[in-house]
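1. this is a predicted model, with the sequence first.
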Amino acid sequence: VSAISSRTRLSASRRSVRQARSAGWAASLYLPNELVARLEACDPRRTLDEGNVDDFLALIEEVDHLVTFADRACHGDAEVSLLELEWHAAVSKALVAAHFVARLTGRARLAEGERAFVDYHVFHKTSYPRDELGERYREAERLAWRFVSDLRTRKPAERVRRLRRFHRASYHEKLRRYAA
């Protein structure tokens, strides 16, 4: 039985993925009652600001970890590195947060201040300890920042192709294609 279980840096959220005794995988996601209550009280579908953005990003991160792992398991490749999980989640957080801000403002493209808000909360706000875990988060955010910055220079159809390639790529392929 292999398992992955961890805490996010912003909440006591936990995810667990383990190989079931029969066939397949079992997954669970725990979100603290306080986090859920805060998101219910300040619904990100109605407003996304300093009061709820960190909780919303923690939710996106945890769901992304499960979806990424489930996708790998369904395609017969259950190998995924912790750096890859964090990298993928940081890309997802940036894209989902930008999408929500755009919908809330009624614009297809974010204004400079709105883009800065998303970038700050996803890529620049958190400082990490000088240990292995902190280094993994820093590297994942650096790689995600590079990838998202590159996406912003592309036409919409090319963005979608690159995102699909990124998602389907193995960890080593991601490093070769997107980290250089």
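-> Structure's in. What do you need?

2. you'd agree Thr105 is up against Glu114?
-> Yes - with contact defined as C-beta atoms under 8 Å, Thr105 counts as touching Glu114 (6.5 Å). Backbone N, C-alpha and C define where each C-beta goes, glycine included.

3. for the protein, just list every one of the strands.
-> With strands called from DSSP state E, the chain shows them at 3-7, 14-19, 25-30.

4. now for this structure, the helix or strand with the poorest mean pLDDT.
-> When the helices and strands of the chain are compared on mean pLDDT, DSSP states H and E, strand 3-7 comes out lowest with a mean of 33.

5. worst average pLDDT in the strands of the chain?
-> Lowest mean pLDDT within the strands of the chain: strand 3-7, a mean of 33.

6. helices of this protein, residue ranges please.
-> 33-41, 53-74, 82-105, 112-119, 132-152, 156-168, 171-178 (DSSP state H).

7. how about TSV for the ones you listed, with mean neighbour count and distance to Lys125 added?
-> As requested, these are exported to TSV (neighbours: other C-beta atoms under 10 Å; distance: least, C-beta to C-beta, whole Å):
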stretch	mean neighbour count	distance to Lys125
helix 33-41	13	17
helix 53-74	20	8
helix 82-105	20	11
helix 112-119	15	9
helix 132-152	16	10
helix 156-168	13	23
helix 171-178	15	23
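
8. could you pull up the residues touching Leu163?
-> Neighbouring residues of Leu163 by C-beta atoms under 8 Å, 6 or more residues apart in numbering: 95, 151.
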